[in-house]
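**Q** After the sequence you'll find the predicted model.
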Amino acid sequence: MSECCGPGYASPAEAIQSPREELLYTIAIYTGTGIQKPDYLATVDVDPQSPTYSQVIHRLEMPGIGDELHHMGWNACSSCHDDSSMARKYLILPGVRSNNLHIVDTATDPRAPRLHKVIEGAEIKAKADLSGPHTVHCLGSEIIISFLGNAKGEAPGGYLHLDKDFNIVGRWENSMGDIKFGYDFWYQPRHNIMVSSEWAAPNTFMPGFDLEEVGHLKYGRELHFWDFEKREPIESFYLGEDGLLPLEVKFHHDPDSTHGFCGAALSSNVIHWWKGDDDKWQWEKIIDVENEMHPEWPIPLPGVMSAILISMDDKYLYLNNWLHGDMRQYDITDPHNPVLTGQVYMGGLLGKAPKVNGVEVAGGPQMFQLSLDGRRLYVTTSLFSTWDNQFYPEIRTKGGVMVMIDCDPENGGMSINPDFLVDFGQEPNGPSRCHESRYPGGDCTSDIWL
């Protein structure tokens, strides 16, 4: 079926059967390091048969300095699988600080991507009154990007709508309703639903983290459910103390499912939502990571669960505890009752794994991408430049690392692969930090099925 059609896969099951990834793209940043060099897109060789396995083989520098590249997304995914005019050719790299959107051509030479176009932040501010770009999702042949602030950096921001040629259409949403903050979003078209989460205004989170600002309600604690076709919010759930900084949201990959999950970073909880038999949306807390005592901290140390990911078969949920230093795997076959099936430490402030494969880890597990077959989890260590510098000051000199964790999708379990490690502390222009990763063929955090 794939041969005759557009990009992506006909189903999650087909994605799982696809060939093993050989290349990985990851964001690498110099913003906030003191090194006056542009952020760049690093191509990492992840083919174990290759002589350059576990190495950065190409670096595409951005045109300017200080973008703070962060998250990225494809121009096309499995939602355009039946559109033969579309191709997964371009990767969109937003700069959170510059507001520039860099459109990168990864198809002409996948090993050496090239810059195709830049949409200037000034144009976005002028035409859509938005700043602080975050999550990129393809919308069939079009693209929507969440922005965390208006042109002045104040919440709630909104959603930028681009056409397939990367022209600004305008704002995607018809209303932000009573939403206070923006961050991540995911949509499930068969149920006409989109869910969005909350971080904070760019003016709040960019300088660094101040715990008092959580108490002053400058950080989010709500999830928002949208009528996807009408492009407006219809219901919000106040998560309270169980949902402090509800960041990443993920639906099941199965397009018929209404189950979804959110990782609340500061309270270190996983929130599960679903549609009940009465057609009403419901939520519950299903995972609670306890705070840990730390001799140098005045308060017990939270895990800071900044990311979550669902395996392509919807069997496992992966989460990180950035300050504790552990990655976890939960069997969510019963989404109401997750079972911890794997845990590994890398970095973190608890001192349980200061070295991985001979390299001292500055930072903790932060962003991660799972192979489509669920066997390899690539984990990076940088969260956001000012937050990195605050909680892990030694990351300035040591840089970030990328670690691979071997996962057992049949029985559960995780272990750090001893033969793979990319040390971004050894980059040619000095130590950089790596953040989000994507595969040329699509991945577990971008593909949506209609």
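**A** Arrived safely. Residues are numbered from 1 along each chain as shown.

**Q** Any buried residues in stretch 260-268, and which?
**A** 260, 261, 262, 263, 264, 265, 266, 267, 268 (16 or more other C-beta atoms under 10 Å). For every residue, glycine as well, the C-beta is placed using N, CA and C.

**Q** can you pull the contacts of the closest residue to residue 29 other than its chain neighbours?
**A** Closest residue in space to residue 29, ignoring its immediate chain neighbours: residue 39 at 4.4 Å, by C-beta to C-beta, 6 or more residues apart in numbering. Residues in contact with residue 39, defined by C-beta atoms under 8 Å, 6 or more residues apart in numbering, are 27, 28, 29, 30, 31, 61, 62, 67, 68, 69, 95.

**Q** re the thing from before, can you redo the buried residues of stretch 260-268 as a markdown table with distance to residue 227, secondary structure and pLDDT?
**A** As requested, these are exported to a markdown table (distance: C-beta to C-beta, whole Å; DSSP: H, G, I helix; E, B strand; the rest coil; pLDDT from 0 to 100):
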| residue | distance to residue 227 | secondary structure | pLDDT |
| --- | --- | --- | --- |
| 260 | 16 | strand | 98 |
| 261 | 21 | strand | 98 |
| 262 | 19 | strand | 98 |
| 263 | 25 | strand | 98 |
| 264 | 24 | strand | 98 |
| 265 | 27 | coil | 98 |
| 266 | 29 | coil | 97 |
| 267 | 28 | coil | 97 |
| 268 | 31 | coil | 98 |
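
**Q** tell me the two of these that are most distant?
**A** Comparing all pairs in these by C-beta to C-beta, the longest separation belongs to 260 and 266, at 20.0 Å.

**Q** what stretches of the stretch 201-350 of the chain score poorly on pLDDT?
**A** In the predicted model of the stretch 201-350 of the chain, no residue satisfies pLDDT under 70.

**Q** Do a quick rundown of the helices in it.
**A** 202-205, 211-215 (DSSP state H, counting those that start in this stretch).

**Q** Packed most tightly, which of those helices would that be?
**A** Highest mean neighbour count among the helices of the stretch 201-350 of the chain (mean count of other C-beta atoms under 10 Å): helix 202-205, with a mean of 22.

**Q** quick one: furthest residue from the center of the protein?
**A** The centre of the chain is farthest from one residue, residue 278, which by C-alpha atoms, centre = their mean lies 32.2 Å away.

**Q** Quick check: phi and psi at that residue.
**A** Dihedral angles of residue 278 (phi, psi; degrees, to the nearest 10) stand at phi -90, psi 10.

**Q** next one: residue 386
**A** The phi/psi pair for residue 386 (degrees, to the nearest 10) reads phi -70, psi -30.

**Q** Run through the residues that contact it.
**A** 32, 206, 207, 208, 209.

**Q** Among the contacts of residue 39, find me the one that's closest to residue 445.
**A** Nearest to residue 445 among those, counting by C-beta to C-beta, is residue 27 at 13.3 Å.

**Q** From the contacts of residue 386, keep the buried residues only.
**A** Listed as buried from those are 32, 206, 209; burial here means 16+ other C-beta under 10 Å.

**Q** quick one: residue 207 from residue 17, how far?
**A** Applying C-beta to C-beta, to the nearest Å, the value for residue 207 to residue 17 is 46 Å.

**Q** Sorry, wrong one. I was asking about residue 270.
**A** From residue 270 to residue 17 the distance is 28 Å (C-beta to C-beta).

**Q** ditto for residue 386
**A** Separation of residue 386 from residue 17 (C-beta to C-beta): 42 Å.

**Q** for stretch 359-373, which positions count as buried?
**A** Across stretch 359-373, burial judged by 16+ other C-beta under 10 Å covers 359, 361-373.

**Q** before we move on, what about stretch 81-89?
**A** 81, 83, 86, 88, 89.

**Q** and if you look at stretch 159-173?
**A** Buried residues in stretch 159-173, counted by 16+ other C-beta under 10 Å: 159, 160, 161, 162, 164, 166, 168, 171, 172, 173.

**Q** which among those residues gets closest to residue 349?
**A** Closest to residue 349, out of all of the buried residues of stretch 159-173 and judged by C-beta to C-beta, is residue 159, at 35.3 Å.

**Q** Might one say that the closest one is in contact with residue 148?
**A** No - with contacts counted by C-beta atoms under 8 Å, residue 159 stays clear of residue 148, the gap being 10.8 Å.

**Q** contacting residues around residue 53?
**A** Under the criterion of C-beta under 8 Å, 6+ apart, the neighbours of residue 53 are 45, 46, 47, 420.

**Q** same deal with residue 191?
**A** For residue 191, the contacting residues are 258, 275, by C-beta under 8 Å, 6+ apart.

**Q** what about it, distance to residue 207?
**A** Taking C-beta to C-beta, one finds residue 191 at 39 Å from residue 207.

**Q** go on, residue 84?
**A** 47 Å.

**Q** Residue 440 and residue 25 touch, don't they?
**A** Yes - the pair residue 440 / residue 25 is scored as a contact, 7.4 Å apart, by C-beta under 8 Å.

**Q** For the two, list the residues in contact with both.
**A** Residues touching both residue 440 and residue 25 by C-beta under 8 Å, 6+ apart: residue 106.

**Q** out of these two, which sits in the busier spot?
**A** Per other C-beta atoms under 10 Å, whichever of residue 440 and residue 25 has more neighbours is residue 25, with 25 against 20.

**Q** Check that one and give its pLDDT.
**A** On pLDDT, residue 25 comes in at 98.

**Q** who's it bridged to?
**A** Residue 25 has these beta-bridge partners by DSSP bridges: residue 43, residue 438.

**Q** looking at it, it is touching residue 46, isn't it?
**A** No - with contacts counted by C-beta under 8 Å, residue 25 stays clear of residue 46, the gap being 10.5 Å.

**Q** and residue 388, that one's in a strand?
**A** No - going by DSSP: H, G, I helix; E, B strand; the rest coil, the assignment for residue 388 is helix, not a strand.

**Q** Next up, the contacts around it.
**A** Contacts for residue 388 (C-beta under 8 Å, 6+ apart) come out as 32, 363, 382, 395, 433.

**Q** go with 10 Å
**A** Counting by C-beta atoms under 10 Å, 6 or more residues apart in numbering, residue 388 touches 29, 32-33, 208, 322, 362-363, 366, 381-382, 394-396, 400, 433, 435.
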